[in-house]
Each structure stands twice: as C-alpha cells, then as structure tokens.
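Student: Based on what follows, work out the 3D shape:
(chains A and B)
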Amino acid sequence: MDSEKGLGYKLNQFLFNWFLLVLLVAGITAVFAQTDTTGYYSYENQLDINNAELEDIAQLPVSQDIAEALYDRVTYRGAFQNIYQLREVEGIDQKLLNKLKPLIRIEPYRKLSATQEKIEQIYYRLDRWSSNEGVNDAFIDLWIEKALDPMNVNTVRYDELMNLQNVSPVDVVSIIHHREDAGEIRNTRDLRGVPGLSYYGYSNARNFLDYTDPEVTGVPFHGHFTMRLDNTPFMTEEGEASGEAMQQENIYPTGTRTSNDYNALPNMYYKTRFSVANYYKFGFSYTRYLNEPDVYLNENSSFKIPDMKFFAGLENLQFGDFQLRKLYVGNYSATFGQGVIMENTDFFTPRKSGYGFRKRFNGITGDNSRTREFSLRGIATEMAWKNISATVFGSYTDRDAILNRTVEDSSLGRSFNQFIILDQRFKYALDDGVRRDSSLSWLNSVKELTYGSHFQYDFMPGTWLGLTYYESAYDRYLNPDPEEITADTEWQNRQVTADTEIKQAYGGPVSRGENPFWDDAISFRRIYGFDFQTVIKNVAIQGEWGELDKGGSVFKMGDDPKALVLSAYVQFPSLNILALYRNYDLGYDNPFQRSFSNYRRFKGTIFEDYYYLQSSLYGQLYANAAQPQAEEGYYLNTYYQMTRQITMRMEYDNWYRKADRAEHYRLVGTVDYRPIFPVRIQLRQKWQAREEQNDVTLNYYKNLEFRGRLRMRLSGYDDLSLMYVNTKLIVHPRPRVFGDMTVNGEAIAATFVHNFNPGLKLSGMLAYYKGFFWNFEDTQFTVLESTRGALRYWFSVYTRLNHYLSLRLKYTAELNKAINYIRFNDVRDEDPSKHYGTDWNRKNADFYYLELNYSF
Amino acid sequence: MKYFFLLILLFISVNSFAQQLEMNFNRMDYGFENQYLTARSLGLAGAGIAGDDAYASVSINPALVVYSESWLNMNAGLSIYKLEEDRSYPYYDNFGGFLDYGSYVFNKYWYSQFYGIITTRLPFESLMGLSFATGFIPFQSFDYDYLEEVRSGDYGDALLGYNHLTSEGMLNAIPFNIAFIPVNGKLMDKRLTLAIGAGIKILTGSVELNEKIEVKTAGLFDIVRELVYEREIDNLPVIPQVGIQMKYGDRFSIGSSLRLPYDLEFKNKVYLANSLEDTSMVVDQKLTYPMRLSFGTEYRFQNILEARIFTDFIYTFWEDFEDNQKEDVSFDNTYNIRAGIEHIFFNKVPFRVGFDYGTLRESKDYSQALLSAGTGLIVNNVKVDMAVGISSIAYKQQDMYANENYGYENATDADQVQWNHLYARIDVNYAF
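Tutor: Next comes the predicted model:
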C-alpha cells in the first residue's frame, strides 16, 4: 500500500515539479523576451509611435502600463508633436525618455481628409452658423454645404455667388468681370486683387470658393444634421396667455389626451440635409414649439412618423445651352427680387434691405426652415436658356386661418378671415367658444393651391429685368370682416385710424372666382410685378414693383393696390452707402410679401390690442405677422471705416404709416473704436419716435437707447465684454393719466468667453437689467422686460468632440425682483372663487438649450 | 372621525384630481428614485450605461464593475438635494382678464445623505476579470416638505394659520453585484471585450408623514388637526438587475441593462396625533414597481482634451405600476434620453457636462430636463469628483387646502406649481 501510495505521491510530485519547471522556463523566456526588446528598436529601426499598434509599443523597453499609456495618449489625445511630449505620459521620467529617444521617431499622424481640413479652417464659422438666429435657414444650409464642397470661382454663376455670406452685388459683378477680363482667377491672391471686391466680400467668399474644378475621387457626399432642444419661452406678450389657455380650455378634441390638456414639452427642431456631388439634394426637418403636442402623419398607427418637412432636389444639369438649374419636389422655399411679391417665410425681419445680415436667399431651394404657415409644398423648377431664366412653381397645402362664425352661404361652408402664424399650433384659441362649439378649428382650415413663375432676362452679369407672378386659390371664401375677430361691440366702440389697415385687407366679392386647375376653389388672390437690377461700376441699383389684382388692367401700372421698393447701393473700399425707398399701398395685402419695413402689418391696430379680441391668442395676427405694414419712407444706411481704429455706422429711416399717416423716424449711430488690437469700444445711440412734432395725437412716442460696450481680448483664449444700456420711452398721456409717462430702462452686463482650445469653449454672462432689454446671448437673441429689475445669468459649453460633431449646452437663469401687493377691483364677473390680486408676483426662470451639429 | 377617514383617503389615494398632476403626493406615497448616484454620474446627467465607471455599476449597469481600477476601490460621498417650490394661483384684472400667477407658497428645503461603494476586481487573469461591488446607497426618497402660511384676504392681512406637510424617509439600498469578462479577444482585427454582470439591491428604511393644520386665530380651532402616517417596510424588497457591456475597438462601447420589477410592502399606521381617543388604523400597502430597460453607447474621440460622449436611452414601464390600495392608479411609461460628455484636462482635471431629458410617469405630455456639470481632481490613485445638476418643472394642481376651512370661497382655478431642483454630489475615490 505504502509503495502504491508512494508511487502516486511521486507521480504527483513529478507533475507538480514539471509544472513548476514549465512555469520557470516560461518565466525565464518571458524575462529574456522582455529583455530582448531593448534591442528590438534601434536608432536605425525606430518606432513610428504615432502610427503604432499597442503590440508594437509594448516592444519598447517599458512596462505594460506605460505602453498602454503611450498607446492611449495617441489614440485618445492625438499624435505626439515632438519627442519631449512623451514626458507628459505618466510614468515616463527624464531618464526613461533619454532611453527611449533613440528608439522612437515622431511622424505625422494620418493626414486629414479634404473635408476635415475644410472644417478645421472654418470651424469658428460653423459655430456661428449652427445656431444663427434670424438668418434664413436656407443660407445656413448652403453655406455649410459650399464650405465643405466649394464652387469653382471661374465657372460659378451670379446667383450662386450672390447667396454667399456678406457678398454684395458689386462684389459679385466685380468677380465675374475680372474673370472675364483676366481669363481666370487662379488663387486666393488673385481673388484678393479683384478690382471692386470689398474686403468683407473677399474674406467671406473665399471660404466657399475653389479655383479649379475639384479632383473627383468617388462621389462627394456631404451633409449636416442639427438638433436643438430648449424651453425658451415665446417673446410675444400674448404668448404668455397660451399656457393659461391650455389649463383652462379644452384645447384638444375630447378623448385625444388621457391625463391633462396642459403639457410641458420643450421646443424641438431638427434638420438634415444631404448633397450628393453637385447634383442631388435631400433633406427633412421637424419643428415643434413649446407645449405643443407632437403631430404625426399617421396619427392612428403604432409606429408614428412625425409630420415633418422634406424635399428632394436636382441641381446643375446642363443640356447644351439649356440648363436645368434646380428641380425640387416636396417642401421648398421661393424668393424673388426684394420680397415684394414672393418670399415664403413665417418670420418678419425688420429692415430687410437685402444687404449684409439682412440678405434674401434668392431663387428656390429645399426648405428646412421652421416656417410652418407659409410653407410651400409641391414642385418647383428653375431653368435657363442663354440669358433667359425661368422659375416655375406649384404648391398645394393647408393653411392655418381664423374662420368666420357667420355663414354667408351654407352650401359653400364658412369663409375665412385672416391667415395666422401660430406660436403654438392647437386646434382652438382660448376663449373662443363659438368656434370651438362649431368645431371651427383654426388648424389647417383652408386649402390653398399656389402656382407662379419668375422670368428673368439677364442683359449682362448683375443686370436684369424680371417678371414675377403668382396666384393662390382657396377652397373657402375670403372675408376679412374685423367684427368676426373682435369681441362683441369692441369694433364699433374702439376703432382707431390705424385700423384702416384691417379694413383694407384683401377679400370680399373681388376675391371670389373659380380656378381652371382646381374644382374646389372658390376664391383667389393674384399678384404680379417686375423687378430689376443693374450694377454700374461700384453702384448697384435694384427695384421691384408688385400689384395685387383687384380687377385692374395687367398692363396698366398703378390701377391696383401696389408696392414698390427701390434701392441704390454704392461701395468703396472703406465706405458703403445704401439708400432705399419703399411705398406700399394699404390695399396691397400679399401674404407672401416680406419686403423692407420697420414694422409688421397691423401695428397699432386692434389686432395689437389683443384684449379687445375674442381670444387673446388672436393677438398673434399682429404679434406674429410676417407681412410689412403699409408705409412709405426713405432709408439710409452707411458704413465708414475712417481709420483702422475707427469704424462708424449710421442708419436713418423716415417713413409714415399709410393707415393713419403717422410720421416715424429712426436714427441709429454706432462708433466702433479699437485703440489697440485687444481693446474695442462700441458706442451705439438710437433715437426713434412717432409723431414727435404732433402734440395732440395719442400716437406720440419717443424711444432713446444708448448701448456702450467695452470688449477686451485678455489673451488668445479669453475675451471679456462689459456692457451698459440705458433706455427711455416717453409716451403722451392717455385719458385719466396726466403728464407724459416715461419708462426708464437700464442694464449692465458682463460676458466672459474662455477658449480652452479650438475645440472647447466656455462662456457666460451676468447681467442686471430693469425695464426693456434686448441682447445676444451666446447664440440666442433675447428680448426681455422686467418691471422691478432682474438678475440674469447664463453659462454655455460648446465642444467640438471631433472634426464633425459639436455640441452646445446652455443654462440660463433669471431672478426677477418680486412685485408685492397687487390689487384690482373686480368690475365684471365678481367671481369669489377667483383672485383679483396677489401678495407676491414672482418671476424666476430656468432655461436650457441643447444643440447638436454633425457636418461631414 | 368623518374627516379623519377622508384624510386617510386623501393620502392613500393619490391622483384625486384626474386632470391634474399630483407630483407631491406621488413623491410622498411612491417616492422618487435617486438616478444620479455618484458625482461623476451626476456630472454626466446619469449617462454611462456603456461606460467604464465601476461605481456606477451598483446603479445603472452591473456589468461595469469589471472596470474596477484595482483589486480594491472605495468611493465615499455626500449627496445633497434641494427642492424649491413656488405655488401660485392665477389672478385677474378689473375686467376679469387673466393677468398672471401670484405666489402664495414659497418653500426651500435641503436634504442630504451619505453614500459609500466598494468594488473589487480579483487580480487573477484566469478568473476572467471577476469583480464584485457592494455599498450603501440612497435609492428612493420620500422626502417632501410643505409649509403654507394662511393669511386673511381682508385688510390687515391677519395670520390665520399654517398648513404643514412633512414626509421624511429614504429607502437605502445595499447592492451586491458580480460581473466578469467572458470574451476578451479580437474580432475583425479589433479588440472585443464583453462584460456580463448581475446584481441585486436590498432596500431598507422607513417613512413617516405628518400632516398638520395649525391655527393662529380664534374661531378656527375646529379645523385643527395633526395626522401621522408611519410606514414600515413589511417585506424584503429585492431588486434584481442584469447588464451587459461590450467594447469594440478603441473607441466604441455599447451597454444594456434590465432591471426587473420589485415589490415594496408597507405596513402603514395612521393616527391623529392630537386625539384623545384611539384613532390608529393599520393599512397594508403593496406597491409593485415596474421594469426598466436601458441601452447606452460610449464613444471616445481623439481630442487633445480627451473627449468621450455617453448617450443612454432608458425606458421604464410605469404603466405596470400597481398599488393595491388604489386600483385605478394610472401612470404613463416614461423614457429618458441622456447625454454626457467628459473631457479630461492635462490627465488631471475632469470636466463633465450632461443633459437628461425625459417624460414624467404622471403624464407623457410632461417632460423634465436636467443640466449638469462636474469637475474634480485626479492625484495618483485618489480622485475627487464634484458635480451639480439643475432641473425645473411647472405643473398644475388644485389647491391642496380648501379655502372654505378658513371661511373663504374655494378656488376653482388650479394652482401653478413650480419646482426647482438642485442636485449636488461630492465624493472621494481611492484605488488601493
């Protein structure tokens, strides 16, 4: 037994010893192998560490931890620029560095692709464009696309150049003339030397231009995606009532919401646009505003598709002399001339002159904007043959409109009163029980067929004559009777002269008629006119004339309500002057008109005084109106760079409102003084008044505003800006209020920006304001008002995670000084369950803003 | 006794008003979950299901514990939470037109809690990265305080009394996680690591709610009351969770986690504190909390400041929530989308921002967003992390205390309730 045991024991011992021996041999081998690595790399056989795999780095005479740290450094933080950066890696001291130096070489990392290089050149512009408030989305789409896929300056068309950022007609014509004269623009230096091209035009255009046709390797595919999510409230006063509307009123049809009619969903906007080569364009976008429910194309399906905009486009096809410049199907935008006849956006831009920051995107393009009311959906094409170009478009879509309660003809349904751009698209407006009871939703309540065309003959580059025409047909009668919108008896009792603008709104018998293409059409609107432009040396002259057809002759100018814009622009190297004249008739009621004006349509009318309307939300007829008011006036804008240190800008506008002949002026002067490069002082003063010379009218008001700003570049990374604002608003007495009322406003703000590097930016602002205050906050434009004063601050982080992807996260807080002891005497309904005052009115706010951009 | 039973009904049966949100009652009855456990997690707004934060394994994905830095790692920290409540009613002008909201309650309350987590990864390669985690973490808070000062609407503004609501209670969790790496190889020339983990959390703690009307003027003493509501856990609440995380190549990871439903049984003792007679009543309450399914990704960029982005999608089946005391409790399923970005400056200083957007169980038409930011310091194997997060929501709710108690007409309008949340975390991590 013992011997048997001993044998088993010995066998075990043997196996154990064998195991130890194997371990020992393996260990010794490993040690020797490790030791051998000291000779793996040498001065003649160096390791290219920036392009090495972990296994290669592990062959260096370093521990596994250090090898991994070196690999991670290159993988996650980027290539070493020089050998001494190895010291930044944990565990590498000078002694080890000295040992590694002869074994390692620093080679450039992988070469950037052409797109990556482009993005690195313009990343700061992408930062600005990505959320450029107020600029047409079509521009942003185009600029991103052309920045990544530049156009050949020697073949690019006038209209393509004209849509680039900060490029004037004089700039474009200068480029075209120069390339004709010189034969070719070969490089940036040539471009800079183009006679007549302004510095701003050059410095902006160069980002979108190449000098030869690109070498095509594969099919160029570019695109970008933008998503924004925020809970920033509406700026309009009546918008505040909408939250209340949802609480108190049954906004949705019964049964569509289970828990509560009120919701707390944020603003959401996303858009995507792709381009394949220079020919194919695709895109889609979706917009949902604060507190709106999502709207789906297939509401009853389990897999819901959001009701989004989309388009597919074809561009730049050439068949001999015939060009198919653009063909778009789906949602598209169309703009011609000065916006007198057609510019389909929901957004009103004051003083939209067509120059500088207030350019128009001329022509047609796929529509990715947040426009919802005046969107066009259908087909549009732009063609050209030699010097003649033609744009033809057709659209069939629904519009939001207020329907009239009164039934004129029961066989034809109810007529509609006004189109309306809604902050929040709900089915019914607050308080309007009459329409709700009759299921007269204002959503998609009118069907519209719109078609039109624009023909243009180019006499020479930058000189043309164009004809524009469009016609809209509706499936309801158009009857803009104000009594259908104002509360009972308010219209009879409270009319003012400015309300003439409402009385002159287009509609009634003149608008009734059939349409040859659409059997359901029972009313229509027809607009036509012409536009022109010429550039003579450094002067650009533009103009557009439009008429609303109310039965006059097509060939006789002025026998129908009309609108006219004329402008002249002169450009010198350090000076430019724009003079503009506009004259819009009261009766020129064109829902697609977006031409130059300081004010929206219906300013001063009863639509502005929403408390006289059947619903406070009908105040959006004025607050969101995109049409300009009927006015006549002159506008002058000059920019003068006096020296390298001093720049001056002056804007003067003098006009009168057609509805009541109220005289207005607006004068703004700006001085920008840069005594030394890092310091910039900006002073801006505004004088604005209505009926300043008229002591008897209640229309009188005067507004003075001073803004002073000191901007200091503290280092290459840091920027500090201090601002002081002082405003004064003076209005004449109203009944039972004696003496002029003066409302003072004051604000002080400090903004700080720190750039850690080109990829990460941290910024913030701290402000105190009282009264009225507008400001640019990071990428958002805000209009604020605080009765007792408010402390406001925000922080923003902008990070470019790699070449393509960037993210912005912003938090804004506002603490208003509370108002206490507010009391009213109820004179109407005397409901004891309601409160007619409060001890405390607190208005504190927390807002977030998230933005994500991906460009490739 | 009549109104005593009415009160019991009130506090046991939430959602008394079908058209309103009862956020505060739900908070007191069903609690709310601490979703941002550590400072790093809060800085990333809770994102990181596919990340490599071993401490977060006890909260969001048990598989992550395999990323423990060392054989023993400890995290200890302080969690702070502030709730600011502004309750207001609509008020009208002379003509009966709505003007604005006027505040009548403005409360600020702070709550704090310590937490600790231990993780270990056994230092034997043959054990496939076998790792464990445990700790003591705040899981579900029932904390809520409300103080309303009632004043006369007449001249003189006399103080009439106070309405109090105080709910105190935190259910802490003791987690046990285990995870390992069954696959660690190469796929199509790229490294592939797969981690699988499972864990349970055992809940412990108790809740007490006190509701009181305190009168400060003569003639109203018949409305004085103090209701106490003691809640003891009557079962062993165990929350099972499984998770998976896969890292492919140097940059990309995905992860997923499934948390199963769990039951929480309370023995609720309710009584009037100031009554001479025995008013106590015991009610057994069983709450079934729903399942949660989460997915996440992580992408590590090449960026001189190191950059990684975490994106998570979390879906909770709140429609399956049950309360045996209230058959018709109706919640909506919720989803959260979280994004967190982490930079590390100079290998030493992390900088994080996060964004969490999600719908509420009370209504899918309500959403809430959280913004967060965090930083810290890395010194060898010691890390200090800190973060803050802010969030706010406004909702409608009927007046909680009837005006008629004080001799006034009851309000027909709903109140607007504004809640501002502030979260803060600071913790110290040590890897042995």
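Student: Can you list the low-confidence ranges for chain A?
Tutor: Counting by pLDDT under 70, the ranges of chain A that qualify are A:1-39, A:109-110, A:130-135, A:216, A:235-264, A:733-740, A:826-829.
Student: For chain B, what's its nearest residue on chain A.
Tutor: Relative to chain B, the nearest point of chain A is A:Thr838 (2.2 Å; CB to the nearest CB). In short, each C-beta sits where N, CA and C put it, glycine included.
Student: Report the beta-bridge partners for that residue.
Tutor: Under DSSP bridges, the beta-bridge partners of A:Thr838 are A:Ile822.
Student: Next, count neighbours for it.
Tutor: Residue neighbour count, defined by other CB atoms under 10 Å in any protein chain shown, stands at 24 for A:Thr838.
Student: can you give me the helices in the stretch 501-650 of chain A?
Tutor: Secondary structure of the stretch 501-650 of chain A (DSSP state H, counting those that start in this stretch): helices at A:620-623.
Student: got the residues of it near chain B?
Tutor: A:611, A:616 (CB under 8 Å from any CB of the partner chain).
Student: elements contacting the longest strand anywhere in chain B?
Tutor: When chain B is scanned for its longest strand (criterion: DSSP state E), the result is strand B:159-187. Contacts of strand B:159-187 with other secondary structure elements, assessed using 3 or more CB pairs under 8 Å, 6 or more residues apart in numbering or on different chains; DSSP states H and E, are made with helix B:23-30, strand B:131-141, strand B:144-151, strand B:190-204, strand B:206-215, strand B:238-248.
Student: give me that answer again for 7 Å
Tutor: Contact partners of strand B:159-187 among helices and strands, from 3 or more CB pairs under 7 Å, 6 or more residues apart in numbering or on different chains; DSSP states H and E: strand B:131-141, strand B:144-151, strand B:190-204, strand B:206-215.
Student: got a list of contacts for the longest one?
Tutor: The reference is to strand B:190-204. B:57-58, B:62-63, B:65-66, B:139, B:171-186, B:233, B:236-249, B:264 (CB atoms under 7 Å, 6 or more residues apart in numbering or on different chains).
Student: do the same with the last one
Tutor: Residues lying outside strand B:206-215 but in contact with it, judged by CB under 7 Å, 6+ apart, are B:11, B:28, B:142, B:161-169, B:221, B:223-233.
Student: Give the buried residues for it.
Tutor: Of the residues in strand B:206-215, those buried under the neighbour-count criterion (16 or more other CB atoms under 10 Å in any protein chain shown) are B:207, B:209-213, B:215.
Student: What residues sit buried inside stretch A:220-231?
Tutor: Of the residues in stretch A:220-231, those buried under the neighbour-count criterion (16+ other CB under 10 Å) are A:222-231.
Student: Poorly predicted segments of the stretch 101-250 of chain B, please.
Tutor: Using pLDDT under 70, the stretch 101-250 of chain B drops low at B:155.
Student: Most proximal residue of it with respect to chain A?
Tutor: B:Gly102 (2.2 Å).
Student: Find the nearest non-adjacent residue to residue 396, please.
Tutor: Just going to use chain A. Spatial nearest neighbour of A:Tyr396, chain neighbours left out: A:Leu449 (5.1 Å); criterion: CB to CB, 6 or more residues apart in numbering or on different chains.
Student: actually chain B
Tutor: In space, B:Lys396 comes closest to B:Ala414 once its chain neighbours are excluded; the distance is 4.2 Å by CB to CB, 6+ apart.
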